[in-house]
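**Q** structural data only, the sequence is not supplied:
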Ligand SMILES: C[N+](C)(C)CCCC[C@H](N)C(=O)O
Ligand SMILES: O=C(O)CCC(=O)C(=O)O
């Protein structure tokens, strides 16, 4: 074991002579390594010197990594990467540092790396479940060695028997870097829209969507994720075809209204949707703890009457305007819980848990991103938990919210016709309809948000334009343990 004084001497030597320092590798025992080892608190100049020296270092032949227990990530063959492109790795008594370039470093705690080992002993290769016992990992665990390999970081851990070797692909480390985060959030790009979306609303063709789980289905789900809704044209105007279309995404979510629903103005269910009344912009299921994620509508027929136009409003677009122009309103809508109920059926009485309900605007607690809009003023219950001091400002807030929702700039009115279905992200896009008369038959279904996100993730693994997200090749029978979604 080399003493730190000797190492420090080497570091001083290399700093002064700017000798080429192989900084890709860090070992406790100096004997096996020809490279200079980097100690804890690296001298900043050394890091740069090491990195620049490494960049100038002659190109050794790439080593064949030992993947006996960790299959290389499917999208990474053993590239002809020469050592210079390898990230620098070093460690102190708590963490491993990976230098992507001289200015970009990630730090991974030893306990974190050991806990996230993906070898077949630590992580079930088929079920993708953790096998390592997190709670037997010593809190002060330190590697015996840390080494930059051609396609990833190799860490050797002490263990009662033979040392345990973990391997982490560079792409996986970069995707999961937490100190600092290097990848933007899992959220895909969202395109906010107002009434002008009418000029080119997102649309896919039924044929595209229905062919094998291919690009067409992916395009549909991408549109829903990006815009919060998407039309499907060319749908046979039957409940059967519409049900099959819905099930392309995932299983239909059954509620008190049934599984796949067909409805008309006959009050067959205790809800104003089953009347000819106009319905203001709302999201469905505010009376559920977990409102459905998607809602699909397909107008089957409308005879002997008119009206019944469909209203769509991008709740994220409206929220962005409220946040900008009325921050105090945005704050109230994000804080004050709103109770709701569905009580029109004798046999059921739905209220969310807790029955005080949830605020109109829900945010990702980590990123602060707006994640959900919950708004249905018709289904709102008694505001029995509103602080007296907040009553007037709450009503002012929802008045402002309502006026922004119903602004001509926000509202997108479209007359649905048989053959064109529309699917809506019920956590983002509000919908409604104008009053109507005559005989109007509408059908559709609810799909859970988790089913939607799951199908989108599975298709992204195959078709995402982002190579970090596209992690399964046709040949892959099972999902890679390196999937960025785990
Ligand atoms: C969609 N379908 C016609 C089946 C039911 C409609 C229920 C609407 C309810 N007021 C809500 O906002 O959730
Ligand atoms: O009938 C319609 O067009 C929409 C009904 C509605 O808003 C709903 O079912 O939630």
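**A** Received it, and whenever you're ready, just let me know what you need. The structure displayed is predicted, hence computed values, not measured ones. Numbering: from 1, shown residues only. Ligands and ions are numbered 1, 2, ... in the order given.
**Q** residue 452 touches residue 222, doesn't it?
**A** No - with contact defined as CB atoms under 8 Å, residue 452 does not count as touching residue 222 (11.6 Å). The C-beta positions use only the backbone N, C-alpha and C, and glycine is treated the same way.
**Q** and the chain, which residues reach ligand 2?
**A** Proximity of the chain to ligand 2 is confined to 273, 279, 284, 310, 431, 432, 433, 442 under the rule CB under 6 Å from any ligand atom.
**Q** looking at residue 160 now. What's its pLDDT?
**A** Residue 160 is assigned 88 on the pLDDT scale.
**Q** need the helices for the stretch 51-200 of the chain, in chain order.
**A** Assigned by DSSP state H, counting those that start in this stretch, the stretch 51-200 of the chain shows helices spanning 110-115, 170-175.
**Q** residues making contact with stretch 97-115?
**A** 23, 42, 47-48, 51-52, 87-91, 94-96, 130, 132, 134, 137, 139, 141-143, 153, 155, 157, 166, 168, 173-174, 177-180, 182 (CB atoms under 8 Å, 6 or more residues apart in numbering).
**Q** which of those residues count as buried?
**A** Buried members of the contacts of stretch 97-115, scored by 16 or more other CB atoms under 10 Å, are 23, 42, 47, 51, 87-91, 95-96, 132, 137, 141-143, 153, 155, 157, 166, 168, 173-174, 177.
**Q** could you restrict those residues to the ones contacting ligand 1?
**A** Okay, of those, nothing touches ligand 1 (CB under 6 Å from any ligand atom).
**Q** how about the residue lying closest to residue 305 once chain neighbours are set aside, phi and psi?
**A** Counting by CB to CB, 6 or more residues apart in numbering, residue 438 is the residue found nearest to residue 305 once chain neighbours are left out, at 1.6 Å. Phi and psi for residue 438, reported as degrees, to the nearest 10, are phi 80, psi -170.
**Q** tell me who's in contact with residue 438.
**A** Contacts of residue 438 by CB under 8 Å, 6+ apart are 302, 303, 304, 305, 306.
**Q** and these, which of them are buried?
**A** Applying 16+ other CB under 10 Å to the contacts of residue 438 flags residue 302 as buried.
**Q** isn't residue 313 up against residue 281?
**A** Yes - counting by CB under 8 Å, residue 281 is a contact partner of residue 313 at 4.6 Å.
**Q** which one's more surrounded, these two?
**A** Ranked by neighbour count (other CB atoms under 10 Å), residue 313 and residue 281 place residue 313 first, with 30 against 23.
**Q** quick check: which element contains the more buried one?
**A** Assigned by DSSP states H and E, residue 313 belongs to strand 310-314.
**Q** so residue 366: helix, strand or coil?
**A** Classification of residue 366 by DSSP: H, G, I helix; E, B strand; the rest coil places it in coil.
**Q** burial of it, as a residue count?
**A** Neighbours of residue 366 (other CB under 10 Å): 8.
**Q** output the helices of the stretch 51-200 of the chain as CSV; include the columns mean pLDDT.
**A** Below are the helices of the stretch 51-200 of the chain laid out as CSV (pLDDT from 0 to 100):
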stretch, mean pLDDT
helix 110-115, 98
helix 170-175, 94
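**Q** quick revisit: and the next helix or strand past the strand holding residue 313?
**A** Per DSSP H and E, strand 310-314 leads on to helix 315-325 as the next helix or strand towards the C-terminus.
**Q** and that following helix, which residues are buried?
**A** Quick answer for helix 315-325 (16+ other CB under 10 Å): 315, 316, 317, 318, 319, 321, 322, 323.
**Q** next, the angle strand 310-314 makes with that helix.
**A** Relative orientation of helix 315-325 versus strand 310-314 (axes from the mean of the first three to the mean of the last three CA atoms, to 10 degrees): 50 degrees.
**Q** show the average pLDDT along helix 315-325.
**A** Here helix 315-325 scores 98 as its mean pLDDT.
**Q** by contact count, what packs against that helix?
**A** Applying 3 or more CB pairs under 8 Å, 6 or more residues apart in numbering; DSSP states H and E, we find helix 315-325 packed against helix 327-335, strand 370-373, helix 391-405.
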